[in-house]
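K.L.:
Predicted model and sequence below, questions to follow.
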Amino acid sequence: MSDIEKASKDAVEAARQGEQFAALLAAVQAAQQTQPAPCQHPPPPQQGTAGKWVAIGIAGTFLAVGLAVSMVAFAIGAVALTTCVVVLRSVWREHQTKAR
């Protein structure tokens with residue numbers, strides 16, 4: 001084979017590959033055009049997030065105050081019960097000593 005025949009075969013092969021490449025590019029472009037375009041509008045702003053946290057803070061505050069008041073009431077009840085027991089004990093001892 002001469003250099004000219006070899007070059008012509010290479011040229012024919014290159015042309016065939018070029019046609020295949022062009023067909024491949026056309027298929028890729030067609031596939032890209034058929035896909036829907038991505039959404040271009042911005043997402044809606046989130047509304048009420050600050051108000052939600054303020055409401056949670058207020059509810060937490062009321063819960064903490066309620067818990068504190070109930071603990072104070074429990075402490076007052078415990079002191080009253082202790083005082084009552086001490087007084088009744090002294091009355092009972094006094095009654096026991098008088099009964100003898």
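P.N.:
Happy to help now that I have it.
K.L.:
In space, not sequence, find me the middle residue of this protein.
P.N.:
residue 49 (13.3 Å; C-alpha atoms, centre = their mean).
K.L.:
Look up how far residue 60 lies from it.
P.N.:
17 Å (C-beta to C-beta, to the nearest Å). Where C-beta positions appear, they are placed from N, C-alpha and C, glycine not excepted.
K.L.:
from the chain's centre, how far out does stretch 79-87 sit?
P.N.:
Averaging C-alpha positions (C-alpha atoms, centre = their mean, to the nearest Å) puts stretch 79-87 51 Å from its chain's average.
K.L.:
With stretch 63-78 instead?
P.N.:
Distance of stretch 63-78 from the chain centroid (C-alpha atoms, centre = their mean) equals 34 Å.
K.L.:
and that stretch, what's its mean pLDDT?
P.N.:
Average pLDDT, stretch 63-78: 97.
K.L.:
And stretch 21-35, by the same measure?
P.N.:
Mean pLDDT, taken over the full extent of stretch 21-35, equals 79.
K.L.:
Check which helices and strands the helix or strand where residue 64 lies is in contact with.
P.N.:
Element membership of residue 64, judged by DSSP states H and E, is helix 49-99. Here helix 49-99 touches no other helix or strand, going by 3 or more C-beta pairs under 8 Å, 6 or more residues apart in numbering; DSSP states H and E.
K.L.:
so what are the domain limits for the chain?
P.N.:
The record assigns the chain these domain ranges, following automatic domain parsing: 1-35, 63-100.
K.L.:
what's the offset of the longest one from the middle of its chain?
P.N.:
Distance, stretch centre to chain centre, for domain 63-100: 49 Å (C-alpha atoms, centre = their mean).
K.L.:
which parts of it are buried?
P.N.:
For domain 63-100, burial by neighbour count (16 or more other C-beta atoms under 10 Å) applies to no residue.
K.L.:
picking up where we left off before, mind putting the domains of the chain into JSON lines with distance to residue 42?
P.N.:
Putting these into JSON lines (distance: least, C-beta to C-beta, whole Å) gives the following:
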{"stretch": "domain 1-35", "distance to residue 42": "21"}
{"stretch": "domain 63-100", "distance to residue 42": "38"}
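K.L.:
Thank you kindly, that will do.
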